[in-house]
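Participant: Model the structure of this input:
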Amino acid sequence: MSLGLAAPCLAQETAPAPVDTPPTSDPRADFAIVGIGVGVLPDYEGSGDYSVSPVPAAIGQLSGYRFVLAGNRISVDLIKDGYGPTWDIQAGPIGVVNFNRSSRGSIDNPQVALLDERGTAIELGGYVGIGKTGVITSDYDRLSATISYRYDVAGVHESGILTPTITYTTPLSTKALVGLFASAEFVERGYGRTYFSVTPAESARSGLPIYTAGGGFKNWALGAVATRSLTGDLTGGLQLVGGVVYRRLSGDFADSPVTQVGSPNQWIGAVGLAYSF
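Facilitator: This is a model prediction of the structure:
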């Protein structure tokens with residue numbers, strides 16, 4: 001499963017700043033925020049069973065270019081941000097390591113564990129977007145919309161994933177920040193065939209009915225995140241970060257036998273510590 005909407009990185013998407021006073025550091029300067037957390041996520045996409053996993057995270061800016069690492073996902077914004085309340089054009093590469101059903105040992109459901117293992121997919125692509133700083137609450141809140149496309153280059157599902165996302169973040173004070181986001185995923189046929197279909201041989205082993213999944217609209221998701229400084233403020237020091245994401249599978253993906261023995265309702269939660277400098 002992907003922690004693509006991982007809480008630690010969403011919380012740091014905007015330059016840390018209080019609601020009604022100027023930032024305490026130059027948002028154009030280089031910075032880095034690194035963290036580690038504990039995530040609770042489904043055993044596989046469509047599972048009703050959950051497991052605990054470590055979640056690394058980092059965000060930074062070098063010479064005006066921002067990068068984000070969120071669990072198994074990394075992206076880089078190759079267009080420099082402006083200063084103060086402004087519009088921001090975003091574009092750059094994105095990469096995801098997809099571990100979905102790559103290990104039977106991590107799947108509790110006995111029927112799904114009898115299906116063929118999938119390899120580890122390497123999904124590479126890019127994204128574009130637009131953001132606006134200074135929208136509702138202050139000069140430092142941020143609303144952004146992005147769309148990304150990535151394709152599996154490892155030969156596992158050999159298909160693409162299109163993901164539109166809307167994100168809003170706002171600082172509440174010099175020590176607290178919250179964010180909300182919504183996204184959806186559209187996948188090509190190879191993705192559905194790899195992760196949601198059941199072949200005759202797999203059906204004979206597992207007892208699940210034969211099923212052929214197609215492509216299209218796979219899921220929508222809503223999430224929230226919050227961060228609170230434990231030392232210093234949001235521009236530097238130790239921070240406590242937590243977030244939750246709800247995803248709802250749809251269409252062929254909700255109707256698949258691997259989901260029917262699990263659940264189309266997918267929850268992802270994470271809590272951790274981050275240090276900014």
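Participant: use CA for all of it now, contacts and neighbours both
Facilitator: Will do.
Participant: And the average pLDDT for the strand or helix carrying Ile122 is what?
Facilitator: Using DSSP states H and E, Ile122 falls within strand 121-133. Averaging pLDDT along strand 121-133 gives 96.
Participant: List the buried residues for it?
Facilitator: Ala121, Ile122, Glu123, Leu124, Gly125, Gly126, Tyr127, Val128, Gly129, Gly131, Lys132, Thr133 (16 or more other CA atoms under 10 Å).
Participant: can you put those in CSV and add distance to Asp43?
Facilitator: Compiled in CSV, these are given as follows (distance: CA to CA, whole Å):
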residue, distance to Asp43
Ala121, 16
Ile122, 19
Glu123, 20
Leu124, 23
Gly125, 25
Gly126, 27
Tyr127, 28
Val128, 31
Gly129, 31
Gly131, 34
Lys132, 37
Thr133, 37
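Participant: Tell me the one among these nearest to Thr165.
Facilitator: Distance to Thr165 across those (CA to CA) is lowest for Gly129, with 9.1 Å.
Participant: so how far is Ala213 from that closest one?
Facilitator: Remark: distance between Gly129 and Ala213 (CA to CA, to the nearest Å) = 31 Å.
Participant: same check, this time on Arg118
Facilitator: 16 Å.
Participant: And Arg101, by the same measure?
Facilitator: 16 Å.
Participant: rewinding a little: okay, Arg118 and Ala213: which has more neighbours?
Facilitator: The neighbour count for Arg118 versus Ala213, taken as other CA atoms under 10 Å, is higher for Ala213 (20 against 16).
Participant: What strand or helix carries the more buried one?
Facilitator: Counting by DSSP H and E, no helix or strand carries Ala213.
Participant: need the contact list for it.
Facilitator: Arg189, Gly192, Arg193, Phe196, Ser197, Asp252, Phe253, Ser256 (CA atoms under 8 Å, 6 or more residues apart in numbering).
Participant: For the fourth one, give me the backbone phi and psi.
Facilitator: Listed backbone geometry of Phe196 is phi -130, psi -10, with angles given as degrees, to the nearest 10.
Participant: Tell me what Thr133 is bridged to.
Facilitator: Taking DSSP bridges as the rule, Thr133 bridges to Arg142.
Participant: Contact partners for Gly215?
Facilitator: With the criterion set at CA under 8 Å, 6+ apart, Gly215 makes contact with Phe186, Val187, Glu188, Arg189, Gly190, Tyr191, Gly192, Asp252.
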